[in-house]
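Enquirer: next one to model:
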Amino acid sequence: MSDSILTIYTDGACKGNPGPGGWGAILCYGEKKKEIWGGEKETTNNRMEMSAVIESLKLLKRNCNIHIYTDSQYVLKGMTEWLSGWKARGWKTASKDPVKNSDLWMKLDDLARPHDITWHWVKGHAGHPMNERADELANLGVLEAK
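Expert: Prediction:
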């Protein structure tokens, strides 16, 4: 891995949907690694998946070249396929319904904009070591939220 690329692994968890939830992330830059996590008492899995990315990006002090790994198709497709249409339609879906979690999508869009982000999907619970660790951190967030 090049030292000029920040790699972020994220995951969210929820016990009940809605219910207590947590998010976790690992930020890797060269040999440096930082683990973060948190949670909410009443939330959804999708909100926690998004929160893991949001909280990671909030830590950055300058524009970065970032590779983000998520096991959430919702986050991946939201950022790579759906976001531009939602914005063009005033935060409405193609069927004219309000976009769910628009508060977090707007925040994620604002935080992502200054960076050069490449999005990657990784299959969850399939033995990918960093995804498994992000899942453990997300579950710590659930425990703290309870």
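Enquirer: for residue 145, list the residues it contacts.
Expert: Neighbour list for residue 145: 20, 21, 22, 38, 39, 40, 41 [criterion: C-beta atoms under 8 Å, 6 or more residues apart in numbering]. Where you see a C-beta, it was placed from the backbone N, CA and C, and this is true even at glycine.
Enquirer: try it again with 10 Å
Expert: 13-15, 19-23, 38-43, 48 (C-beta atoms under 10 Å, 6 or more residues apart in numbering).
Enquirer: can you check residue 67 too?
Expert: 1, 5, 6, 7, 8, 9, 28, 116, 117, 118, 119, 120.
Enquirer: of all these, which comes closest to residue 56?
Expert: For the contacts of residue 67, the closest approach to residue 56 (C-beta to C-beta) belongs to residue 8, at 4.9 Å.
Enquirer: one step back: tell me the two of the contacts of residue 67 that are most distant?
Expert: So, those by C-beta to C-beta: farthest apart are 9 and 116, at 17.9 Å.
Enquirer: which of those two has more neighbours?
Expert: residue 9 (28 against 11; other C-beta atoms under 10 Å).
Enquirer: good, we can wrap up now.
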